[in-house]
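**Q** The sequence and its predicted three-dimensional model are supplied below.
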Amino acid sequence: MMRHLFKVLRSVKPASRLWPAILSICVLFAGPAFANKVYVSNEKGNTVTVIDSANWEPIAEFDAGNRPRGIGISPDGAHLYVCASDDDTIKVFDAKTYEFLWSLPSGPDPELFVMSPDGSTLYVSNEDDNLVTVVDTRSKTVVAEVPVGVEPEGMAVSPDVRFVVNTSETTNMAHFIATEDYKIKHNILVDQRPRYARFTNDGSTLYVSSEIGGTVSVINMLGETGPELVDKIGFEVPGVQPEWLQPVGMRITSDNKWLFVALGPANRVAVIDATTDEVVRYILVGQRVWQLEFTPDEKYLLTTNGNSNDITVIDVAEQEAVKSIQVGQQPWGVVVAPD
């Protein structure tokens, strides 16, 4: 579009009557970058808050079922998926109008899910039934139920879609489920109460956060016999009691350089150099920081803060919090619309 506009500009004389209209078009296209909607699930408020990332202002709030937690969006940005945990279903909304469209079968008490890269499949953790449920989003049917450890929560899918990983809070394991046949191929013991799992973008490493253990386990996916535990990252913040350092949500930059970890009631996000597994900084955010999400350009990282009922906006390059935004009651999950 801009290339064609420049061609027109070169062909128009400065005194032409077309110039006012052309200048208006230039202002339009030279305006601020495209804004992305941010969706926050409010676990106790039973709503989703929508925020405009252009000015970081809430623009809508809508009912999302009982106890909404895990939240995600389709790759094309059309559909918003919300785990309505106490309704035992996943609710699907129009991401633009917020209209409720349909429900997906999810198994009992869905807490968290991960989506296949093409959006065709959801892998759902069912906390009360010790299952991972595999849901086809197109046919709206359950295609598999995989028994896992006690209290499954964290979910991750490898970039090559070979494995889906589930973390079981009480069994203290990461289970590696092959997408080929939905069988568990590997189990790795981690620290107490693993809550979240995240792959590097090249698939070479998996991180698992253990809330009560207070660590992030580093798992090498390229081991000769399969995934292997190679390191554990601990945390220490002056003036903060060790039992408050409870790692939960995680995000890693696309260049695999920086790992950000939410530390729960410590009210901090840890910044880890992923090339050395060293913690380099702690960022003070809201109370009981839970989940994290980048904007598509990775300029900002958003945190949900359950006890202060807000989200924090972190400048990724500066590694500093720049804004706090009030949302609904007890925010849990966050997702940002794709470009």
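**A** Looks like it came in fine.
**Q** domain ranges for the protein?
**A** As given by automatic domain parsing, the domain ranges for the chain are 1-31, 32-336.
**Q** And the helices in the chain?
**A** 2-11, 19-29 (DSSP state H).
**Q** Could you tell me the least trusted of those helices?
**A** Mean pLDDT is lowest for helix 2-11 among the helices of the chain, at a mean of 42.
**Q** quick one, which of the domains of the chain is packed in tightest?
**A** Most buried of those by mean neighbour count (mean count of other C-beta atoms under 10 Å) is domain 32-336; its value is a mean of 19. Glycine gets a C-beta too; all of them are placed from N, C-alpha and C.
**Q** still on that earlier bit, where among the domains of the chain is average confidence lowest?
**A** Among the domains of the chain, domain 1-31 scores lowest, at a mean of 45.
**Q** Just give the nearest non-adjacent residue to Val146, would you?
**A** Val132 (4.4 Å; C-beta to C-beta, 6 or more residues apart in numbering).
**Q** ok, so what distance separates the one you found from Val335?
**A** 20 Å (C-beta to C-beta, to the nearest Å).
**Q** what do you get for Ala60?
**A** When distance is defined by C-beta to C-beta, Ala60 is 15 Å away from Val335.
**Q** Next: Gly203.
**A** 22 Å.
**Q** For the residue nearest to Trp102 when sequence neighbours are not counted, give the beta-bridge partners.
**A** Distances taken as C-beta to C-beta, 6+ apart place Val92 nearest to Trp102, at 5.3 Å, with adjacent residues excluded. Assessed by DSSP bridges, Val92 has beta-bridge partners Tyr81, Trp102.
**Q** So Ile219 sits against Ile233, correct?
**A** No: using C-beta atoms under 8 Å as the test, Ile219 is too far from Ile233 to be in contact (11.8 Å).
**Q** who touches both of the two?
**A** Overlap of the contact sets of Ile219 and Ile233 (by C-beta atoms under 8 Å, 6 or more residues apart in numbering) is empty.
**Q** Next up, the contacts around the closest residue to Ser103 other than its chain neighbours.
**A** Leaving aside its sequence neighbours, Ser103 sits nearest to Thr89 (C-beta to C-beta, 6+ apart; 4.5 Å). For Thr89, the contacting residues are Gly65, Ser103, Leu104, Pro105, Ser106, Pro110, by C-beta under 8 Å, 6+ apart.
**Q** from these, which single one is nearest Gln326?
**A** Closest approach to Gln326 among the contacts of Thr89 (C-beta to C-beta): Gly65, at 21.8 Å.
**Q** gap between the closest one and Ser103?
**A** 9 Å.
**Q** what's the answer for Trp56, then?
**A** For Trp56, the distance to Ser103 equals 31 Å [C-beta to C-beta].
**Q** what's the answer for Val142, then?
**A** Counting by C-beta to C-beta, the gap from Val142 to Ser103 is 12 Å.
**Q** what sits in contact with each of the two?
**A** The overlap between the contact sets of Val142 and Ser103 (C-beta under 8 Å, 6+ apart) is empty.
**Q** Look up the closest residue to Pro331, ignoring the ones flanking it.
**A** The shortest distance from Pro331 to any non-neighbouring residue, by C-beta to C-beta, 6+ apart, is to Thr304 (4.0 Å).
**Q** scratch that, Gly213 is what I was asking about
**A** Using C-beta to C-beta, 6+ apart, the nearest residue to Gly213 is Asp191, at 2.5 Å.
**Q** doesn't Val218 make contact with that neighbour?
**A** No: in this structure, Asp191 is not within contact of Val218 by C-beta under 8 Å, at 11.8 Å.
**Q** list residues touching both of these two?
**A** Shared contacts of Asp191 and Val218, defined by C-beta under 8 Å, 6+ apart, comprise Lys232.
**Q** The residue nearest to Pro331 against Gly328, yeah?
**A** No: with contact defined as C-beta under 8 Å, Thr304 and Gly328 do not form a contacting pair (10.4 Å).
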